[in-house]
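Q: no sequence for this one, just the structure:
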DNA sequence: TTGGAATATTCCTTTTGGGGTATATATAAA
DNA sequence: TTTATATATACCCCAAAAGGAATATTCCAA
């Protein structure tokens, strides 16, 4: 329930930031390239990148007077783990429910 | 925000909604129970549930004058798949990069 | 040192989101 | 019917977010 997850999700919940992340999936890029490819203007690109940076979704690698943005892997691993825990939990609840229903039916209509 | 994934992420990006989801993970509940357990008042609970509903994260099962909210599994499966695709992509990029660096070194300092 | 390119930041405006309170709706029971 | 309970919605207010334009900063090169 740690609030870091909400921050990660929030950072990813904006369409433009989502596009940035999808773009960086193909490889690291400087701000100007991101802005050009997504047809955003530079200041907004920097602002969105700041949100992603503060959510630890990207990191910066300075190169000359450019700043290359890289995706981090950790938040995605965390997101996967969290999301998977739901699938598991829900499946196991369903399995228990099925078992319970079987038992009910056996009670009503017992096998000999 | 017509993007389905962004909508899912947004719905999950609020702490209270995240708490609701974590609560429903343990099993379906009516609105009043959710509000009571999380110490939210009822209208906000309904509003948050509406957001989750429109993001297809929950579904409603009416029972008498109550409405039981259930988690759906699909969005979590989708989220897991999406998130995993990042891990895979990034790892494979890194592997290719390592290969490239090796090749560079062989060029500079060739083995016999 | 000056100039230029890349990026970050500031200021402003508009929109959106979340909380609070009151009210409407629906369903069940009497 | 009327009443009670559970839930949804409407309205208002405030804080936060996103976009645009201008400016500041940083770094490199000449």
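A: Looks like it arrived, so ask away. This one's a predicted model, so the numbers in the text were calculated from it and none came from an experiment. Residues are numbered from 1 along each chain as shown, chains lettered A, B, ... in the order given.
Q: okay, CA-based contacts and neighbour counts for the rest of this
A: Will do.
Q: secondary structure element for the residue nearest to residue A:81 when sequence neighbours are not counted?
A: Excluding the flanking residues, the one nearest residue A:81 by C-alpha to C-alpha, 6 or more residues apart in numbering or on different chains is residue B:80, at 8.0 Å. In the assignment (DSSP states H and E), residue B:80 maps to helix B:74-108.
Q: again, but for residue A:20
A: In this assignment (DSSP H and E), residue A:20 forms part of helix A:15-24.
Q: can you give the distance from that helix to the centre of its chain?
A: 12 Å (C-alpha atoms, centre = their mean, to the nearest Å).
Q: was I right to think the residue nearest to residue A:81 contacts residue A:79?
A: Yes. Counting by C-alpha atoms under 8 Å, residue A:79 is a contact partner of residue B:80 at 7.4 Å.
Q: neighbour count winner among those two?
A: residue B:80 (22 against 19; other C-alpha atoms under 10 Å in any protein chain shown).
Q: so how far is DNA strand C from the more buried one?
A: 22 Å (C-alpha to the nearest atom of the strand, to the nearest Å).
Q: tell me the pLDDT at that residue?
A: With respect to pLDDT, residue B:80 has a value of 96.
Q: and it, what does it touch?
A: A:79, A:80, A:81, A:83, A:84 (C-alpha atoms under 8 Å, 6 or more residues apart in numbering or on different chains).
Q: 10 Å instead, please
A: Contacts for residue B:80 were tallied using C-alpha atoms under 10 Å, 6 or more residues apart in numbering or on different chains; they are A:76, A:77, A:79, A:80, A:81, A:82, A:83, A:84, A:85, A:86, A:87, B:74.
Q: kind regards, and thank you for your time.
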